[in-house]
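J.: Sequence first, then the predicted structure:
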Amino acid sequence: MAGKLEAVLSQAQKDSLDIEEFIFHIIEPEADDEKVVYLDSVTLQEKQKSFFLDRLRDTAEGTQYVFLKDAVTLKEKCAQLVAPRSDFNLLSRQITADFAGRHKGQMSAGVFVVAIVRYQATARLQKKLVLLIKMDKSPSFSYSHKKINGKRVAEMHEVPNALNETKKAIQKSAVVDVDGEFAWDVLAQDRVYKPMLGNYFQAFLGVIERQQDSTLTRTALNTVRKWARTLSGDLMPDGEDFNTFAGRAFNYLKDHDQFDTDSFLDSVVRDANKQRKKALTESLSEALAESGVKGQVFQPRPESLPKKERTTTYKTAEGVTISFEGDRDAAGVSVVEIDGATILSVRTAKLIPT
């Protein structure tokens, strides 16, 4: 694991994504014989390329997984996909057959996408990812029209094999790091079992969650603390400091049963200035991506944090120290600037000597 990146894809890497190879095979659960109709090639228009690359970007917000040591099928197939002179079509068929064959219950009709996607790892080096998507089929209608006896008449036509180009059509998706660039092997999402993976999809991928809840809890808080210390005067809202951001982060982790990146960002970043709040949110979002927390779904474990990391501390110029857990407001602490002096007050139900 040494030297591997904890982060998910950076914004620059997402912007550099480009499809190198692409195919899908048709899954027909109601077929009498084969459940999969294999294709030899698929031609994508630019709009469709953008659609699938956007789905990769969405999946890059998913939970991080690593391959099981004894589950080598998909790991080996993905490595073979990107090897020089590999038979992309044959390997994509084998991966699709494995996916379809593992499903024991009712499976919806659709297509299974296999793609190789390049990205700019560094200024001079491109690396590759494998994108896997199960996409539902969605019957739809088209129409034509003509004039009959001076009237404009439309005729409806059913398109039974239409693919709906919306996020809702994506049932399951995974991004596989075949080049070993990252500390994770797979990023995955499952619409049916979100935020977890269904048993058969997880078995198909051959993965387990990379990090435990306590590790992610500590990383989330420490990322906010480290990020807040880097803020310049222009980006620091009035009355705020790095402790206020860290305090709200701790309160979120203490008060929520499930971590969600968007709600975490909204809880930590508070600013009446909308433009500055947007800049702060984007900056913290990037920091969470770099530390590998962004997009992860986990149960916060605030009790696993050392007391020092749970505690917010201020010290006056006169040597008085005040410490409390979490956010100032929640702890009943207020700070006001008057005539060049800082007035700190504490509202409490009872003062207890120690």
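T.: Done, it's in. All figures in this text were calculated on a predicted structure; none of them were measured in a lab.
J.: Next, count neighbours for Phe298.
T.: 20 (other Cβ atoms under 10 Å). C-beta here means a position set from N, CA and C on the backbone, and glycine is covered the same way.
J.: any idea how far it is from Leu288?
T.: Using Cβ to Cβ, to the nearest Å, one gets 13 Å for the distance from Phe298 to Leu288.
J.: try His25
T.: For His25, the distance to Leu288 equals 36 Å [Cβ to Cβ].
J.: do Ser263 as well
T.: From Ser263 over to Leu288 the distance is 13 Å, taken as Cβ to Cβ.
J.: quick one, which of these two is more surrounded?
T.: Comparing Ser263 with Leu288 by neighbour count (other Cβ under 10 Å), the higher total belongs to Leu288, at 24 against 12.
J.: Spatially nearest residue to that one, not counting backbone neighbours?
T.: For Leu288, ignoring the flanking residues on the chain, the nearest one in space by Cβ to Cβ, 6 or more residues apart in numbering is Lys294 at 4.0 Å.
J.: give me the element the residue most central in space within the chain is part of.
T.: By Cα atoms, centre = their mean, the chain has its centre lying nearest to Glu61, at 1.0 Å. For Glu61, there is no enclosing helix or strand under DSSP states H and E.
J.: Please work out how many residues are found near the spatially closest residue to it that is not a sequence neighbour.
T.: The shortest distance from Glu61 to any non-neighbouring residue, by Cβ to Cβ, 6+ apart, is to Gly295 (3.4 Å). Look at Gly295: counted by other Cβ under 10 Å, it has 20 neighbours.
J.: For Ala7, see how far away Gly295 is.
T.: On the measure of Cβ to Cβ, Gly295 and Ala7 end up 11 Å apart.
J.: Overlap in contacts, the two.
T.: Common contact partners of Gly295 and Ala7 (Cβ atoms under 8 Å, 6 or more residues apart in numbering): Ala289.
J.: Pretty sure Gln11 sits against Glu286.
T.: Yes: if you go by Cβ atoms under 8 Å, Gln11 and Glu286 touch, sitting 6.6 Å apart.
J.: Which residue of these two possesses the greater neighbour count?
T.: Glu286 (15 against 12).
J.: In a helix, the more buried one, correct?
T.: Yes: counting by DSSP: H, G, I helix; E, B strand; the rest coil, Glu286 is part of a helix.
J.: For it, give me its contacts.
T.: Ser10, Gln11.
J.: residues in contact with the residue nearest to Leu216 when sequence neighbours are not counted?
T.: Using Cβ to Cβ, 6+ apart and skipping residues adjacent in sequence, the residue nearest Leu216 is Phe298, 4.7 Å away. Applying Cβ under 8 Å, 6+ apart to Phe298 gives the contacts Gln211, Asp213, Leu216, Thr217, Gln258, Phe259.
J.: Could you do Lys49 as well?
T.: So Lys49 contacts Ile19, Phe22 (Cβ under 8 Å, 6+ apart).
J.: 10 Å - rerun?
T.: Lys49 makes contacts with Leu17, Asp18, Ile19, Phe22, Ala115, as judged by Cβ atoms under 10 Å, 6 or more residues apart in numbering.
J.: what ranges do the helices span in the stretch 201-350 of the chain?
T.: Per DSSP state H, counting those that start in this stretch, the stretch 201-350 of the chain carries helices over the ranges 213-228, 242-255, 261-268, 274-290, 307-310.
J.: For the nearest residue to Gln211 once chain neighbours are set aside, grab the count of nearby residues.
T.: Of all residues not flanking Gln211 in the chain, Gln64 sits nearest, at 6.6 Å (Cβ to Cβ, 6+ apart). Residues near Gln64, counting by other Cβ under 10 Å, number 23.
J.: May I have the phi/psi pair for Gln64?
T.: Torsion angles at Gln64 (phi, psi; degrees, to the nearest 10) stand at phi -90, psi 140.
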